[in-house]
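K.L.:
fold the stuff below for me.
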Amino acid sequence: MLSSRSVRAGQCVSRRTFVTAARVPPSTAYTTPKHVVDPSTSSTPEDITDRQRNALDSALRVDQAGEVAANYIYMGQLAVLGRDRVSGPLIQDMWEQEKKHLKVMNKLQLQHRVRPTMLWGVAKVAGFGLGALTALMGKEAAMACTEAVETVIGEHYDDQLKVLDKMKTSHPSIPLLKEVIKEFRDDELEHLDTAVLHNSQRAPAHALLSTVVGAGCKVAIELCKRV
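P.N.:
Coordinates of the predicted model:
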């Protein structure tokens, strides 16, 4: 019988929008140097309400903090499993994607003049600790950690897209932001798939571990929205 976590993960994966290899990722707008000023990547909308501004600020604050934590989770896992022939390269590949995500989120934070969370340092320590601890429990537990985290993040990105869809503005940065979030959501759900394929659900006390990690992620999201 599948656990409720497995069902939620399956639902999250089913909502995915796959990006074909021929399509240029939207985040390229932030990772490729430009010789002209593009308002979609260099300025923030001035025609949105205060409530919408607060929603945009909290979204980017959480996303940036989440990418910090994700980088340190993989750093912690790699510190323990880096020499494993299968898990090492797998974790490294996922970490490389998270490095790009953080680079883009840092630029978005500056573009939209968003104050970073005061929990930046906590995200680093907690992320590394979670990654290292689950890796010490075994390869399957490390993958279970990834599965739980990416399930929550996939749902979180979907919720953000619903909010952004209601944001009426003529500024080109918001449509681009939505496409970047879709891209990153799909990357995170790909990590979830990878974790499941590499036996995350065979981890000892998988249901308990998934519940604890998932709940911790949700608490962190709410805290970073406000602090």
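K.L.:
what residues of whatever helix or strand Leu164 lives in count as buried?
P.N.:
Element membership of Leu164, judged by DSSP states H and E, is helix 139-165. Within helix 139-165, the residues scored as buried using 16 or more other CB atoms under 10 Å are 139-157, 160-161, 164. Every C-beta, even on glycine, is put in place using the N, C-alpha and C of the backbone.
K.L.:
confidence score at Leu2?
P.N.:
Leu2 is assigned 46 on the pLDDT scale.
K.L.:
how big is the angle separating the helix ranked longest in the chain from helix 139-165?
P.N.:
As assigned by DSSP state H, the longest helix anywhere in the chain is helix 50-81. Following axes from the mean of the first three to the mean of the last three CA atoms, to 10 degrees, one obtains 170 degrees for the angle between helix 50-81 and helix 139-165.
K.L.:
packing partners of the helix or strand following helix 50-81?
P.N.:
Going down the chain from helix 50-81, the next helix or strand is helix 87-111, by DSSP H and E. The helices and strands touching helix 87-111, judged by 3 or more CB pairs under 8 Å, 6 or more residues apart in numbering; DSSP states H and E, are helix 28-31, helix 39-42, helix 50-81, helix 139-165, helix 173-197.
K.L.:
so which of these is nearest Glu222?
P.N.:
Of all the helices and strands packed on helix 87-111, it is helix 50-81 that lies closest to Glu222, at 8.7 Å by CB to CB.
K.L.:
which of the residues in that closest one are buried?
P.N.:
Going by neighbour count (16+ other CB under 10 Å), the buried part of helix 50-81 is 52-53, 55-78, 80-81.
K.L.:
before we move on, what about stretch 36-48?
P.N.:
Thr41, Thr44, Pro45, Ile48.
K.L.:
make TSV from the residues you listed and add secondary structure to it.
P.N.:
Putting these into TSV (DSSP: H, G, I helix; E, B strand; the rest coil) gives the following:
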residue	secondary structure
Thr41	helix
Thr44	coil
Pro45	coil
Ile48	coil
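K.L.:
pick the one among those closest to Lys182.
P.N.:
Nearest to Lys182 among the buried residues of stretch 36-48, counting by CB to CB, is Thr41 at 16.6 Å.
K.L.:
next one, pLDDT for the closest residue to that closest one other than its chain neighbours please.
P.N.:
Among residues not flanking Thr41 along the chain, Ala29 sits closest, at 5.3 Å (CB to CB, 6 or more residues apart in numbering). pLDDT for Ala29: 93.
K.L.:
test my guess that Ala29 contacts Ser173.
P.N.:
No: look at Ala29 against Ser173 with CB atoms under 8 Å: they stay out of range, at 9.9 Å.
K.L.:
more neighbours: which of these two?
P.N.:
The neighbour count for Ala29 versus Ser173, taken as other CB atoms under 10 Å, is higher for Ser173 (21 against 18).
K.L.:
need the contact list for the closest residue to the more buried one other than its chain neighbours.
P.N.:
The spatially closest residue to Ser173, leaving aside those adjacent along the chain, is Ser40, at 5.0 Å (CB to CB, 6+ apart). The contact partners of Ser40, by CB atoms under 8 Å, 6 or more residues apart in numbering, come to Ala29, Pro172, Ser173, Pro175, Leu176.
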